[in-house]
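Undergrad: Prediction below, plus the sequence it came from.
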Amino acid sequence: SIWSSFQVSDAVVAALEELEPVMEAIYNAQTAAGQARWNEHLAVDLRLAGLVEAWAGGASWQEVMADTSLDDGDMARLMARTADMLKQMTFLDEQLPYLTGPARAALRAMDRKPISDLVA
């Protein structure tokens with residue numbers, strides 16, 4: 001079972017709620033295009049969102065790892081995949097212009113060792 005003592009903030013929950021229509025539109029478009037297998041990647045696990053938020057907020061690797069059941073490899077994969085997704089969002093200027101600035105800011109906050117070594 002996955003656990004973490006890092007709770008997701010109300011601001012992150014509100015941001016995810018605001019994105020629900022976008023995620024629903026992507027879900028419907030992928031399904032209509034016969035790409036429903038990708039829909040599972042639209043889900044956000046709030047147990048893990050608190051860890052990502054803590055890392056982006058400046059918590060050290062040791063602090064983050066001390067308060068979760070994830071091992072180093074799983075944590076690195078979570079952070080690297082999140083950073084990769086944020087990097088992709090920075091290219092959505094025409095489709096979702098209101099997301100590109102926050103995505104760039106979040107990516108800058110996450111871009112430190114050891115994650116910066118994994119995301120080129």
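TA: Nice, thanks for sending it over. Numbers count the residues shown, from 1 in each chain.
Undergrad: Give me the helices and strands touching the lowest-mean-pLDDT helix or strand in the chain, please.
TA: Within the chain, no helix or strand scores below helix 115-118, which has a mean of 87 by mean pLDDT, DSSP states H and E. Other elements packing on helix 115-118 under the criterion 3 or more C-beta pairs under 8 Å, 6 or more residues apart in numbering; DSSP states H and E are helix 72-89. Every C-beta, even on glycine, is put in place using the N, C-alpha and C of the backbone.
Undergrad: Other residues contacting the least confident helix or strand of the chain?
TA: 55, 76, 79-80, 83 (C-beta atoms under 8 Å, 6 or more residues apart in numbering).
Undergrad: Let's see that with 10 Å instead.
TA: 55-56, 61, 75-84, 110 (C-beta atoms under 10 Å, 6 or more residues apart in numbering).
Undergrad: Tell me where the model's unsure across the protein.
TA: 120 (pLDDT under 70).
Undergrad: Next, format the contacts of helix 115-118 as JSON lines and append distance to N39 and neighbour count.
TA: Formatted as JSON lines, those follow (distance: C-beta to C-beta, whole Å; neighbours: other C-beta atoms under 10 Å):
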{"residue": "W55", "distance to N39": "26", "neighbour count": "23"}
{"residue": "A56", "distance to N39": "25", "neighbour count": "22"}
{"residue": "W61", "distance to N39": "32", "neighbour count": "16"}
{"residue": "M75", "distance to N39": "25", "neighbour count": "21"}
{"residue": "A76", "distance to N39": "25", "neighbour count": "17"}
{"residue": "R77", "distance to N39": "20", "neighbour count": "13"}
{"residue": "L78", "distance to N39": "19", "neighbour count": "19"}
{"residue": "M79", "distance to N39": "23", "neighbour count": "24"}
{"residue": "A80", "distance to N39": "22", "neighbour count": "17"}
{"residue": "R81", "distance to N39": "16", "neighbour count": "14"}
{"residue": "T82", "distance to N39": "18", "neighbour count": "21"}
{"residue": "A83", "distance to N39": "22", "neighbour count": "22"}
{"residue": "D84", "distance to N39": "18", "neighbour count": "14"}
{"residue": "M110", "distance to N39": "25", "neighbour count": "20"}
